[in-house]
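**Q** After the sequence you'll find the predicted model.
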Amino acid sequence: MASSSSSGLTFKLHPLVIVNISDHYTRVKSQMNPPPPTSATSNSNNSNGGENNQSPPRVYGCVIGVQRGRTVEIFNSFELLYDPSTHSLDRSFLEKKQELYKKVFPNFYVLGWYSTGNDAEESDMHIHKALMDVNESPVYVLLNPAINHAQKDLPVTIYESELHVIDGIPQLIFVRSSYTIETVEAERISVDHVAHLKPSGGSAATQLAAQLTGIHSAIKMLNSRIRVLHQYLVGMQKGDLPCENALLRQVSSLLRRLPATESEKFQDDFLTEYNDTLLVTYLATFTNCSSTMNDLVDKFNTAYDRHSRRGGRTAFI
Amino acid sequence: MNSVEGLVTQIQGLSSTASDVLSLHNVLKQADDSLHAESTRLLPFLDQLDPSKHSLGYLYFLEACTAGPVTTESASSFVLIIARFISSCAAEQIRLAPDKFISVCKRLKDQVLFLEEPLRAVAPMLAAIRKLQSSTENLTTLHPEFLLLCLLAKCYKTGLSILEEDIFEVDQPRDLYLYCYYGGMICIGKKYFRKALELLHNVVTAPMSTINAIAVEAYKKYILVSLIHHGQLSTSLPKYASTVAQRNLKSFCQPYVELANSYTNGKIADLEAYVQANMEKFGSDNNLGLVKQVVSSIYKRNIQRLTQTYLTLSLQDIANTVQLNSPKEAEMHVLQMIQDGEIYATINQKDGMVRFLEDPEQYKTCEMIERVDSSIQRLMTLSKKLTVLDELMSSDPMYLGKVGRERQRFDFDDFDSVPQRFNI
């Protein structure tokens, strides 16, 4: 269903749309009741049937924006009601909303619609065709809400519809289009906020945390690679694996590059610095712990110490 | 007698699975009074029950048997029976009836004290603690009994092994007071003054609504140990001590507070005179030994003060400043302190000079890294526990009620009609 589009349109997507869709989806999902059980053995209890054993909900909405020549810029979006019986979006609601948005943003037109899920489905074509009388060639923005840590790109795909001849029958199918993200200053701030890069504590703390996380992941990767090499060498030593001299030569040259400095003075300095950093961390943990303890003691005294009078308690008039 | 035999067969039958044991427990609870009525004739029935499999039933029977007064003949046989029971009983079964188990163990303690052989009950009591506690962080009523036995039997090392564990949950406040008090005494006996100070501090600052005798005695020892270990006594208790303690403890321990005052003045003669004058008061509290250690520690304190002023000093001068009789005594004291690690110095015997040195720890070694690292880990777990407690406390209705009433009132109109006292 998805080959690359040939319409020549360039799409520009604003982050606001992505945030809106994700927000809509999250809210609907968290308001579903009962929430899915968290235990690993939940497969065995099948009491509540369909609702619980999750197909995540699909949310639907409309995207609006501006089309200038060959550039389609999607600025905003709003939610729509989906009627599961007729498999279509609520038309009157759409028009009402369209009117309201026209008043605030006179330039924006309905450019298409959005939904959530893994991949575009056949039933989506119905909705797509229904929207064609509002806009001759609507776009379909699909957000994949499944969190995949390995994936580097955004889980957002933009589909257009094209008329292709398949088995002699002209049919409308979805084709994938590429897009770019276009950001306005205000959006950048909110995206940063959402991505937790600037929490209320201020930038210093997060930069430190970000740097340390970077170092941590780098060291973790180094560790895992060395482990792989080590296992391989142990296997070679035991005789389970065939001996590869080329590899052995590479490993030995790597090892020979290793301790660049190995001297008494270096050990001393290194250990001193290590100890200093540890002591500073110790002091920080200590202070943190004392502060929590102090709060706890204050609360305890307020709650349970009958005779404590902490200034300012005046008698009633 | 029929009912007793019936009970025995029921116990034998119903002790296999957990649900059976629960129903057995109900049966036993109802039959408890009849068991107590027949307490004198229950002894032979104990042989029909196996303590490891029928622990719950055995426990009930044993508790009813030992309910009577302690006599010499029964005492030694009961000690054996109870000790064997404790070592072989099943922990899950006795946890269903903890108070009965605790009373059986207390009877064990009474009997060994009656026989004046506290050593016999030390090992069984330790096993009993391990079986009763839900985790090593839990303090049971048996802990102070165990420590008392260790104290009386003078086997301090076993007592110390229990004291190493951190306590986070306490069943009864009185257990905590007694546990820390006895624990402090054991540590004093082994001369671990730092740990003794910590334990006695716990008693003194524990939450209490009215002053109790354990806290008063603990405060007396606390003053003395603090003088020995730190050389000074902080005049006020920290803010987490209860207000009753802050206000009243000092008035109960007047002679000790004055001892502390004359100690900090540094004049040995005054101190000794004061101790002589109040000998019987200290003696009646069984603190004479500690007081004597306080007096001998004043020399150490004065020598330590010298390290802050001088880099080198002759033994004669040390003897004069610290009011010792001869340079030989001064040398002995300094040598002892170097051995204990309290000061860093070298003695040059040729010209009788002592050179005071800095702490040689360079903080460059891997062992130091490991020590600091393990301390950080411990602090992190403690911090997590504290955060949990803090959140619990913030949602506690007692706290929320009181904090709501103490908010600032800026305007006359802010005085709403919330009553001064209302029950939540």
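**A** Yes, it's here.
**Q** so who does the most centrally placed residue in chain B touch?
**A** The C-alpha lying nearest the average C-alpha coordinate of chain B belongs to residue B:180 (CA atoms, centre = their mean; 1.9 Å). Applying CB atoms under 8 Å, 6 or more residues apart in numbering or on different chains, we find residue B:180 in contact with B:199-200, B:202-203, B:206, B:218. From N, CA and C alone the C-beta is placed, and that goes for glycine too.
**Q** List just the nearest of those residues to chain A.
**A** The shortest separation between chain A and any of the contacts of residue B:180 is 11.9 Å, and it belongs to residue B:206 (by CB to the nearest CB).
**Q** and the gap between that closest one and residue A:229?
**A** Note on residue B:206: its distance to residue A:229, by CB to CB, to the nearest Å, is 57 Å.
**Q** So which of these two has more stuff around it?
**A** Neighbours were counted for residue B:206 and for residue A:229 using other CB atoms under 10 Å in any protein chain shown; residue B:206 has more, 20 against 14.
**Q** Now do the residue nearest to the centre of chain B against chain A, distance only.
**A** 18 Å (CB to the nearest CB, to the nearest Å).
**Q** Which pLDDT does the model give residue B:350?
**A** For residue B:350, the pLDDT comes out at 84.
**Q** Could you look up the SS state of it?
**A** Secondary structure state of residue B:350, per DSSP: H, G, I helix; E, B strand; the rest coil, is coil.
**Q** And residue B:48, which helix or strand is it part of?
**A** Secondary structure from DSSP states H and E places residue B:48 outside every helix and strand.
**Q** unless I'm mixing things up, it is touching residue B:5, no?
**A** No - the pair residue B:48 and residue B:5 fails to qualify as a contact (CB atoms under 8 Å) at a distance of 9.0 Å.
**Q** and the two? which has more neighbours close in?
**A** More neighbours surround residue B:48 than the other of residue B:48 and residue B:5, with 15 against 11 (other CB under 10 Å).
**Q** got the contact list for that one?
**A** With CB under 8 Å, 6+ apart as the criterion, the residues that contact residue B:48 are B:8, B:12.
**Q** now the chain, which segments are flagged as low pLDDT?
**A** As the question left the chain open, I've gone with chain A. Filtered on pLDDT under 70, chain A yields the residue ranges A:1-6, A:33-54, A:196-205, A:306-317.
**Q** hmm, I had chain B in mind actually
**A** Applying pLDDT under 70 to chain B picks out residues B:1-2, B:406-424.
**Q** one more time with 90, if that's ok
**A** Screening chain B residue by residue with the criterion pLDDT under 90, one finds the ranges B:1-142, B:145, B:149-175, B:189-193, B:203-215, B:217, B:220, B:224, B:226-369, B:389-424.
**Q** which element follows whichever helix or strand residue B:298 is part of toward the C-terminus?
**A** Element membership of residue B:298, judged by DSSP H and E, is helix B:288-309. Note on helix B:288-309: by DSSP H and E, the next helix or strand toward the C-terminus is strand B:312-314.
**Q** Show me where the chain has its strands.
**A** Answering for chain A, as no chain was given. If DSSP state E is used as the criterion, the strands of chain A fall at A:10-13, A:60-68, A:71-79, A:82-83, A:88-89, A:109-116, A:139-143, A:156-166, A:169-177, A:179-181.
**Q** Can you look at chain B instead?
**A** Taking DSSP E, the strands of chain B run over residues B:138-139, B:169-170, B:312-314, B:345-348, B:353-356.
**Q** Just tell me which of those ends up closest to residue B:249.
**A** Nearest to residue B:249 among the strands of chain B is strand B:169-170 (20.9 Å), distances taken as CB to CB.
**Q** how about the residues of the stretch 201-350 of chain B near chain A?
**A** Within the stretch 201-350 of chain B, the positions near chain A by CB under 8 Å from any CB of the partner chain are B:207, B:209, B:239-240, B:242-244.
**Q** May I ask you to name the longest helix in chain B?
**A** Counting residues, the longest helix found in chain B (DSSP state H) is helix B:366-394.
**Q** actually chain A, sorry about that
**A** helix A:264-304.
**Q** name the helices or strands packed onto that one?
**A** Counting contacts by 3 or more CB pairs under 8 Å, 6 or more residues apart in numbering or on different chains; DSSP states H and E, helix A:264-304 packs against helix B:366-394, helix B:397-405.
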